[in-house]
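Asker: Structure, please.
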Amino acid sequence: MPLSLFTANPPGSDEMGRIRFDDWVMSQDVQKEVAKLWRMVDSDNLKELTEIKGLREEFLRHHNFGIPGID
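Answerer: Residues are numbered from 1 along each chain as shown. Have a look, this model is predicted:
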């Protein structure tokens, strides 16, 4: 169940008004699914079971690489 700011039930916030998505990520059901997938992932199915392409793109962008129009 992805969280979104633009739904009828947006995520709650902590005592300082911050939205804490880590509460969702660390929930038992999410962690159980992550553990299951970790046991299944290998070099042959990495692209099918993970979001490795998006992770690589975000990593590169975060470090100022892979940005269209910037050489």
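
Asker: Show me how this protein divides into domains.
Answerer: As given by automatic domain parsing, the domain ranges for the chain are 1-40, 42-71.

Asker: In terms of helices and strands, where is E48?
Answerer: Per DSSP states H and E, E48 falls inside helix 46-49.

Asker: so how far is that helix from its chain's centroid?
Answerer: 15 Å (C-alpha atoms, centre = their mean, to the nearest Å).

Asker: can you pull the buried residues of it?
Answerer: By neighbour count on 16 or more other C-beta atoms under 10 Å, the buried set for helix 46-49 is empty. The C-beta positions use only the backbone N, C-alpha and C, and glycine is treated the same way.

Asker: what distance separates the helix or strand following it from the middle of the whole chain?
Answerer: The helix or strand immediately downstream of helix 46-49 is helix 52-62, counting by DSSP H and E. Its chain's C-alpha centre and that of helix 52-62 lie 11 Å apart, by C-alpha atoms, centre = their mean.

Asker: in this structure, which helix or strand is least confident?
Answerer: Least confident helix or strand of the chain, by mean pLDDT, DSSP states H and E, is helix 22-25 with a mean of 79.

Asker: neighbouring contacts of the next helix or strand after that one?
Answerer: The helix or strand immediately downstream of helix 22-25 is helix 28-40, counting by DSSP H and E. By C-beta atoms under 8 Å, 6 or more residues apart in numbering, the list of residues contacting helix 28-40 from outside reads W24, L49, T50.

Asker: Return the alpha-carbon coordinates of helix 28-40 using PDB.
Answerer: In PDB, the C-alpha atoms belonging to helix 28-40 read as follows (Å, rounded to 0.1, in the frame of the first residue of the first chain):
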ATOM      1  CA  GLN A  28       6.100  -6.000   9.900                       C
ATOM      2  CA  ASP A  29       4.100  -6.900   6.700                       C
ATOM      3  CA  VAL A  30       6.500  -4.800   4.500                       C
ATOM      4  CA  GLN A  31       9.600  -6.200   6.200                       C
ATOM      5  CA  LYS A  32       8.300  -9.700   5.800                       C
ATOM      6  CA  GLU A  33       7.800  -9.100   2.000                       C
ATOM      7  CA  VAL A  34      11.300  -7.600   1.700                       C
ATOM      8  CA  ALA A  35      12.800 -10.600   3.500                       C
ATOM      9  CA  LYS A  36      11.000 -13.000   1.200                       C
ATOM     10  CA  LEU A  37      12.200 -11.100  -1.900                       C
ATOM     11  CA  TRP A  38      15.800 -11.000  -0.700                       C
ATOM     12  CA  ARG A  39      15.900 -14.800  -0.500                       C
ATOM     13  CA  MET A  40      14.600 -15.000  -4.100                       C
END
